[in-house]
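Participant: Got a sequence here, can you model it:
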Amino acid sequence: MLSKSAKIWLFLLIVSAIFFLGGINIRAIIGNDLLNYDEFSFRTGIPPDEENMIFRMLSFSSLFIMSAYLIVLISAITFLKTAKINIRQNAWLLMCCILFFSFVPVEIYTYYLDIKFFLLYLKNPPNHDGLLKLFGERIGFLKGVPWIGVLSYYTIIFIAVFRPLNKTKEQLEEEKKKEKEYSYKYFMHEDDDLDILNK
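Facilitator: Here you go, the predicted structure:
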């Protein structure tokens, strides 16, 4: 049974995760306006006003996503501390933790690029070459590893809903009984040692 504080952090985690994943999808839709659909290249001939609006939406959507991710990260860590869930009994939770926390370094670096993108946009550069370069570096970082991270986040939802490898206390106790029943302990005596040395 979860404590009251754990339930609050779980609620905050779920809500912030919804905003986080929703923001990623919205930013991806906005960013697609800069790319050709048939190949990985930037569109040419976009009107300056339209291009500036795209960069504006990308900048502020990235700030929104970064804020949501920070809340997700803090609430996830705090929830795990306050919930005190038995990992052996809930192996699905361990799978979720591995999928989420393994991409934290990737997210931190890509958000560093997002901050550079936002600060450059605020300077209102005469052309958008620098912004396009940062945008290309952002979506191509580590050959698309951030997109693998997004797929992992959706996998976490699937795992959390269906909870595979979820075991009850009775199942764990039954496993312990079977281990004791079928395990074989061998104790070597001095006579055995002498036999081995003589051979």
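Participant: For the protein, just list every one of the helices.
Facilitator: For the chain, applying DSSP state H gives helices covering 4-31, 48-83, 91-101, 104-122, 129-139, 145-162, 169-182, 190-198.
Participant: what would the ones you listed look like in a markdown table with mean neighbour count, mean pLDDT and distance to Phe42?
Facilitator: Heads up, the C-betas are built off the backbone N, CA and C, glycines and all. Below are the helices of the chain laid out as a markdown table (neighbours: other C-beta atoms under 10 Å; pLDDT from 0 to 100; distance: least, C-beta to C-beta, whole Å):
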| stretch | mean neighbour count | mean pLDDT | distance to Phe42 |
| --- | --- | --- | --- |
| helix 4-31 | 16 | 93 | 11 |
| helix 48-83 | 17 | 93 | 10 |
| helix 91-101 | 17 | 92 | 32 |
| helix 104-122 | 16 | 93 | 15 |
| helix 129-139 | 16 | 85 | 6 |
| helix 145-162 | 14 | 91 | 18 |
| helix 169-182 | 10 | 61 | 55 |
| helix 190-198 | 9 | 51 | 73 |
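Participant: how about those helices, which one is nearest Ser41?
Facilitator: helix 129-139 (9.5 Å; C-beta to C-beta).
Participant: Mind giving me the packing neighbours of that closest one?
Facilitator: Helix 129-139 sits against helix 104-122, with contacts defined as 3 or more C-beta pairs under 8 Å, 6 or more residues apart in numbering; DSSP states H and E.
Participant: which residues touch the helix it packs on?
Facilitator: The set of residues external to helix 104-122 that reach it, using C-beta atoms under 8 Å, 6 or more residues apart in numbering, is 55-56, 58-60, 62-63, 65-66, 69, 73, 130-131, 134-135, 137-138, 141-142, 145-146, 149.
Participant: show me what contacts Leu142?
Facilitator: If you count contacts by C-beta under 8 Å, 6+ apart, then Leu142 has Val106 around it.
Participant: what about 10 Å?
Facilitator: Contacts here follow C-beta atoms under 10 Å, 6 or more residues apart in numbering; on that basis Leu142 touches 106, 109-110, 148-149.
Participant: next one: Gly31
Facilitator: So Gly31 contacts 54, 57-58, 61, 135, 138-139 (C-beta under 10 Å, 6+ apart).
Participant: Now render the residues you listed as a markdown table, adding distance to Gly22.
Facilitator: A markdown table is the format used below for the contacts of Gly31 (distance: C-beta to C-beta, whole Å):
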| residue | distance to Gly22 |
| --- | --- |
| Ile54 | 19 |
| Met57 | 14 |
| Leu58 | 15 |
| Ser61 | 10 |
| Phe135 | 20 |
| Arg138 | 19 |
| Ile139 | 19 |
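Participant: can you count the residues close to Leu34?
Facilitator: 20 (other C-beta atoms under 10 Å).
Participant: Looks like it contacts Met53 (just checking).
Facilitator: No - the criterion here is C-beta atoms under 10 Å, and Leu34 misses it with Met53 at 11.3 Å.
Participant: Between those two, which contacts overlap?
Facilitator: Counting by C-beta under 10 Å, 6+ apart, the residues touching both Leu34 and Met53 are Ile46.
Participant: one step back: what two of the contacts of Leu142 are the furthest from one another?
Facilitator: Tyr109 and Ile148 (14.3 Å).
Participant: Thank you kindly, that will do.
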